[in-house]
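Participant: Can you look at this prediction? I've put the sequence above it.
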Amino acid sequence: MSAAAEGANAGGFDASQSAAGGRNPWLIAVVVSIATFMEVLDTTIANVALRYISGTLAVSADEASWVVTSYLVANAIVLTASSFIAKRYGRKRFYLTCLGLFTASSIACGFAWNLESLLLFRVLQGFAGGGMVPISQSILADSFPPAKRGQAFAIFGIAVVVAPVVGPTLGGWLSDNLSWHWCFLINGPVGLFAFALVSFLVQEPKSAIEERQRMKRQGIRMDVIGFLLVATFLGSLEVILDRGQTDDWFASGFIIIFTVICVAAFCLMIPWDLTRLNPDSTFWFFAWSRIYIGIGLPLIFIPITTASYDGIPRDKTDQASALINVARNVGGSIGVSIAQNVLAMREQFHHSRLVETIVPSNPAYQHTLEQATTYFSTTGGQAGARERAIAYIGQQVQMQTAYWAYIDVFFTLMLISASAVPLALILRRVKH
């Protein structure tokens, strides 16, 4: 008996409605995890290559940083529409389109001839990547009975958690030993391999086909205005969070303009969506607790993802997946922004406190300065030994400042994570 058939007897799970069809669902878990790993990897792999990109394309470091921002903005925008597009035009078809576009745009990024072309291809890559992750989760949820979803999401969680860690290391190695172009070209063979596996292994469930036919008969169309409002809100919010620290937050006219756009889009989005005849979700479905998914993802990914799908009807898994990933991206952006802001403020604080002690009247400072001067005199001669000793002490101050500031950042993140504990206590236990 196949694994899919065995799962049919667990918790009323209907294997005929599975995205795995008659195949082993663990193959599906591996396939979608490969595609997801590739997409999540691209959120961080380019970070360490920015200085190489700015040098090759003859642009400033600030301009090169838009390579990351453009991807994140496009990724956040398409998440909100991925569920509807998958239901209306076919989940497998949409997934393959995203996977193919992601692979093609990745290769195009590797052959970009200037910054403008690279940003264009990164936007396309972000659009494609934004559709891949939620549909991957939806496919995974449909391939396993509820009792086994936790194990399946464990494999998926490895891809989501490990990829951002591997990204900077792999990107740095490729940039140093080959070229920054390979940070994008590496997706080519992996993407083609994943595309072939998805085409062969993943099936369109009968319920999804029936839902698509029903939507066609009823003439259900996307709420374009609602989508544009949500896209404007999320896109501008992503720009604010990603560029805020660099542009000195509200001291920058650029950030102020995007803040006004973000607030205006949000104020228009809520009443518009609440007055639609066929909204995809109720207002209260957008609970603030979902934001914590992004902040605590590395530690609580599996139980939260499993709990999020418990009790969700099969025809609503696409919407649930899209909502989870929107919250994950926005929550992650907020978490990064908070960390950057705390780091900058605490570095200034600790630096000012340490500098107060570096005065001639401080015996500890004088003792350290004399020891350092003696050392540099012995190793490099008397000339300039005093200046090298002072520079050395300055470096130590910077290192100590950064050390204490990072401790404060992790302490802040600990408090944020701890505040989510009460939310876990109210999760309802679902019997499979």
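Facilitator: On my side now, so go ahead. Numbering: from 1, shown residues only.
Participant: helix/strand/coil for the closest residue to Ala364 other than its chain neighbours?
Facilitator: In space, not counting the residues next to it along the chain, Ala364 is nearest to Thr357; the distance is 7.4 Å by C-beta to C-beta, 6 or more residues apart in numbering. Heads up, the C-betas are built off the backbone N, CA and C, glycines and all. At Thr357 the chain is in coil, as set by DSSP: H, G, I helix; E, B strand; the rest coil.
Participant: Confirm for me that Thr357 is in contact with Gln366.
Facilitator: No. Using C-beta atoms under 8 Å as the test, Thr357 is too far from Gln366 to be in contact (11.3 Å).
Participant: Point out where the stretch 151-300 of the chain drops to low pLDDT.
Facilitator: Along the stretch 151-300 of the chain, the model assigns pLDDT under 70 to residues 207-208, 211-212, 215-216, 218-220, 222-223, 242-243, 245-247, 273-300.
Participant: Show me the helices in it, by range?
Facilitator: Along the stretch 151-300 of the chain, counting by DSSP state H, counting those that start in this stretch, helices occupy 182-185, 187-201, 206-218, 224-243, 253-274, 291-295, 297-309.
Participant: same for the second one, what does it pack against?
Facilitator: If I follow you right, that is helix 187-201. helix 25-41, helix 91-110 (3 or more C-beta pairs under 8 Å, 6 or more residues apart in numbering; DSSP states H and E).
Participant: Is Trp113 part of a helix or strand, or is it coil?
Facilitator: What three-state DSSP gives for Trp113 is coil.
Participant: how close does it sit to His181?
Facilitator: Between Trp113 and His181 the computed distance is 11 Å (C-beta to C-beta, to the nearest Å).
Participant: mind checking how far Glu204 is from Phe153?
Facilitator: Glu204 sits 22 Å away from Phe153, going by C-beta to C-beta.
Participant: If you count surrounding residues, which of these two has more?
Facilitator: A count of neighbours by other C-beta atoms under 10 Å puts Phe153 above the other of Glu204 and Phe153, at 25 against 16.
Participant: Assess the claim that that one and Ser136 are in contact.
Facilitator: No. Phe153 is beyond contact range of Ser136, at 10.7 Å (criterion: C-beta under 8 Å).
Participant: Okay, and Ser136 sits in which element?
Facilitator: For Ser136, the element it lies in under DSSP states H and E is helix 115-143.
Participant: quick one: that helix to helix 91-110, angle?
Facilitator: 150 degrees (axes from the mean of the first three to the mean of the last three C-alpha atoms, to 10 degrees).
Participant: Quick check: buried residues in helix 115-143?
Facilitator: Within helix 115-143, the residues that qualify as buried are 115, 118-143, counting by 16 or more other C-beta atoms under 10 Å.
Participant: same thing with stretch 29-42?
Facilitator: For stretch 29-42, the neighbour count (16+ other C-beta under 10 Å) marks 29, 31-42 as buried.
Participant: Same check on stretch 353-372?
Facilitator: For stretch 353-372, burial by neighbour count (16+ other C-beta under 10 Å) applies to Thr368, Leu369, Ala372.
Participant: how near is the second one to Val355?
Facilitator: Remark: distance between Leu369 and Val355 (C-beta to C-beta) = 14 Å.
Participant: The last one too?
Facilitator: For Ala372, the distance to Val355 under the criterion C-beta to C-beta works out to 17 Å.
Participant: same thing with Cys262?
Facilitator: From Cys262 to Val355 the distance is 38 Å (C-beta to C-beta).
Participant: now Val160: how far from Ile407?
Facilitator: 27 Å.
Participant: more neighbours, those two?
Facilitator: Val160 (23 against 12).
Participant: Verify the stated contact: the more buried one with Glu39.
Facilitator: No. Counting by C-beta under 8 Å, Val160 stays clear of Glu39, with 9.6 Å between them.
Participant: that older thread, what's the closest of the helices and strands packed on helix 187-201 to Thr80?
Facilitator: helix 91-110 (14.2 Å; C-beta to C-beta).
Participant: Just the mean pLDDT for the closest one, thanks.
Facilitator: Mean pLDDT, helix 91-110: 86.
Participant: what's the angle between it and helix 187-201?
Facilitator: 170 degrees.
Participant: ok now helix 91-110, how far from the chain's centre?
Facilitator: 18 Å (C-alpha atoms, centre = their mean, to the nearest Å).
Participant: Tell me which other helices or strands the helix holding Ser136 touches.
Facilitator: Other helices and strands packing on helix 115-143, by 3+ C-beta pairs under 8 Å, 6+ apart, are helix 25-41, helix 66-89, helix 91-110, helix 149-177, helix 317-355.
Participant: Include distance to Ala58 when you put those into a markdown table, please.
Facilitator: Below are those laid out as a markdown table (distance: least, C-beta to C-beta, whole Å):
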| stretch | distance to Ala58 |
| --- | --- |
| helix 25-41 | 27 |
| helix 66-89 | 14 |
| helix 91-110 | 17 |
| helix 149-177 | 17 |
| helix 317-355 | 27 |
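Participant: Leu241: which of the ones you listed is closest?
Facilitator: Within those, the stretch nearest Leu241 is helix 317-355; the backing value is 4.2 Å (C-beta to C-beta).
Participant: how about Trp180, phi and psi?
Facilitator: The phi/psi pair for Trp180 (degrees, to the nearest 10) reads phi -60, psi -20.
Participant: Start at 735, not 1
Facilitator: Got it, first residue is 735 now, which makes that one Trp914.
Participant: wait, it sits on Gly789?
Facilitator: No. In this structure, Trp914 is not within contact of Gly789 by C-beta under 8 Å, at 9.1 Å.
Participant: Who has more neighbours out of these two?
Facilitator: Trp914 (26 against 12).
Participant: what residues are up against that one?
Facilitator: Applying C-beta atoms under 8 Å, 6 or more residues apart in numbering, one finds that Trp914 lies in contact with Ala780, Ala783, Tyr786, Ile787, Thr790, Gly905, Leu908.
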